[in-house]
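Asks: got a predicted model here, sequence first, then my questions.
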Amino acid sequence: EVQLVESGGGLVQAGGSLRLSCAASGFTSNDYAIGWFRQAPGKEREGVSCSSVADGSTQYAASVQSRFTISTNNAKNTVYLQMNSLKPEDTAVYYCNVYFPIPKRDYWGQGTQVTVSS
């Protein structure tokens, strides 16, 4: 069973930094993408950043480009999200997601709250 365990959320002032971690387990494939989504109150869940373990490519939402950095420790099946220059609009529950293309399926973590005060 695939499991994702997130950590690192919390309360920070605007301009501060947080680092999220997500440890994935229960699979052996090296062909997957792992990343982060977020959902703010009253809004739809949106993609923040993801990394393809197979080719090392990364993607970022325009709203976090240059402020957030995604990284992975492939040996540990762990993904990190370094969030700098945080803004109140970054406040949301952040969810880790892992996607396998063959067969197509994905899994979600339980979410971790990030709150940025102004």
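Replies: Everything's here; your move. Residues are numbered from 1 along each chain as shown.

Asks: could you point out the longest strand in the protein?
Replies: For the chain, the strand with the greatest residue count under DSSP state E is strand 92-101.

Asks: what sits up against that one?
Replies: For strand 92-101, the surrounding residues in contact (C-beta atoms under 8 Å, 6 or more residues apart in numbering) are 2, 4, 6, 9, 20, 22, 24, 27, 29, 31-40, 43, 45, 48, 50, 79, 81, 105-114. For glycine as for every other residue, the C-beta is placed from the backbone atoms N, C-alpha and C.

Asks: give me the residue at the spatial middle of the protein.
Replies: By C-alpha atoms, centre = their mean, the chain has its centre lying nearest to W36, at 2.4 Å.

Asks: check what pLDDT that residue gets.
Replies: Per-residue pLDDT puts W36 at 98.

Asks: same check on G9?
Replies: pLDDT, G9: 94.

Asks: gap between the two ends of stretch 47-57?
Replies: 15 Å (C-alpha to C-alpha, to the nearest Å).

Asks: quick one: it to chain centroid distance?
Replies: 10 Å (C-alpha atoms, centre = their mean, to the nearest Å).
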